[in-house]
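K.L.:
kindly return the folded structure for what I paste below:
(one chain, ligands or ions: 1)
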Amino acid sequence: MPEVVEREASGSEAPSLATSSTYTPDALGDAADTVDQETGLPGGLVMVHSDIFAAPANSVLIHACNCQGSWGAGIALTMKRFYPRAYVVYRNHCDSNAADSAALLGTALLIPPQPGDRNSHWITCLFTSQYYGRRVDAPDRILEHTASSFEHFLKLLGDTERGGDADLGTAGEVHTCKINSGRFGVPWERTGRVLEDALERDGEGRVVFAHEFEEETGAGGGFKARPGGGRGGGGLEKGQQILRF
Ligand SMILES: Nc1ncnc2c1ncn2[C@@H]1O[C@H](COP(=O)(O)OP(=O)(O)OC[C@H]2O[C@H](OP(=O)(O)O)[C@H](O)[C@@H]2O)[C@@H](O)[C@H]1O
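P.N.:
Okay, here's the model as predicted:
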């Protein structure tokens, strides 16, 4: 099973971007059935209307990947542009499993911030389809791999928090795009339910911000998160909502 990849020798920190908006417990009312002890936020999937690349520095950004070493289109192509070093880690990981790329299905790769990549973000690859394009896996298989790769991600993330590698530090907020919902052709509601179930089972009150993104604003970075970012801002920001699948 792939583990956390060691960070290369430390380099200059990438410039920090606008922070994403977050919630204050009182704004959530009775929607908060499980509460994250550290943030006081309800565990589970929380939809936000903002650009995932505007997430706070040190956040984890999750996207769905094929097992062929290709970030050739969609949000993956933006990832490749913003996190070229992380892409190399992902591609090397696929190359080392090229003899049996199916072995990566249902696993996750957690890549710590790479020097020179953008905003000290951690990048998480969930291997949900072996191939892409016309050979993409069937939706049910993708959902099956989504469940196990997300569970693996939660374990890897927990290991970094418990293991506390001094060099790596621990990751901050967890953010995901609506994985599988574009080129992988799986309705977001189906994937959202899988992620929500895993968080209820093994999330330990963890919050994952899921980004609703207006494509017309163009690929990441061009759409600014709503003002009021940073913890302890007002109540729910306009357009933010708690979703229960
Ligand atoms: N800045 C932003 N902030 C927040 N959300 C953003 C965003 N920009 C786009 N989104 C949304 O992010 C979702 C994912 O949609 P995507 O079609 O990209 O990914 P997917 O998970 O369906 O499929 C994966 C395969 O696609 C790729 O390309 P290749 O296979 O290489 O050709 C990979 O490599 C895989 O293989 C859609 O809701 C977009 O609105």
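K.L.:
what about the longest helix along the chain, near the ligand?
P.N.:
What stands out as the longest helix in the chain, according to DSSP state H, is helix 139-163. No - against the ligand, helix 139-163 shows no contacts by CB under 6 Å from any ligand atom, the least distance being 8.9 Å. Where C-beta positions appear, they are placed from N, C-alpha and C, glycine not excepted.
K.L.:
measure how buried the closest residue to Asp137 other than its chain neighbours is and give me the count.
P.N.:
Distances taken as CB to CB, 6 or more residues apart in numbering place Ser129 nearest to Asp137, at 4.2 Å, with adjacent residues excluded. Ser129: 26 surrounding residues under other CB atoms under 10 Å.
K.L.:
what pLDDT, on average, does the longest helix of the chain get?
P.N.:
What helix 139-163 shows for mean pLDDT is 95.
K.L.:
so which bits of that helix are buried?
P.N.:
Buried residues in helix 139-163, defined by neighbour count with 16 or more other CB atoms under 10 Å: 139, 141-154, 156-157, 160.
K.L.:
check stretch 106-119 too.
P.N.:
Counting neighbours by 16+ other CB under 10 Å, the buried set in stretch 106-119 is 106-114, 117-119.
K.L.:
swap in stretch 185-192?
P.N.:
Within stretch 185-192, the residues scored as buried using 16+ other CB under 10 Å are 186, 188, 190-192.
K.L.:
how about the residues you listed in JSON lines, adding distance to Ala210?
P.N.:
Below are the buried residues of stretch 185-192 laid out as JSON lines (distance: CB to CB, whole Å):
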{"residue": "Val186", "distance to Ala210": "14"}
{"residue": "Trp188", "distance to Ala210": "8"}
{"residue": "Arg190", "distance to Ala210": "13"}
{"residue": "Thr191", "distance to Ala210": "9"}
{"residue": "Gly192", "distance to Ala210": "7"}
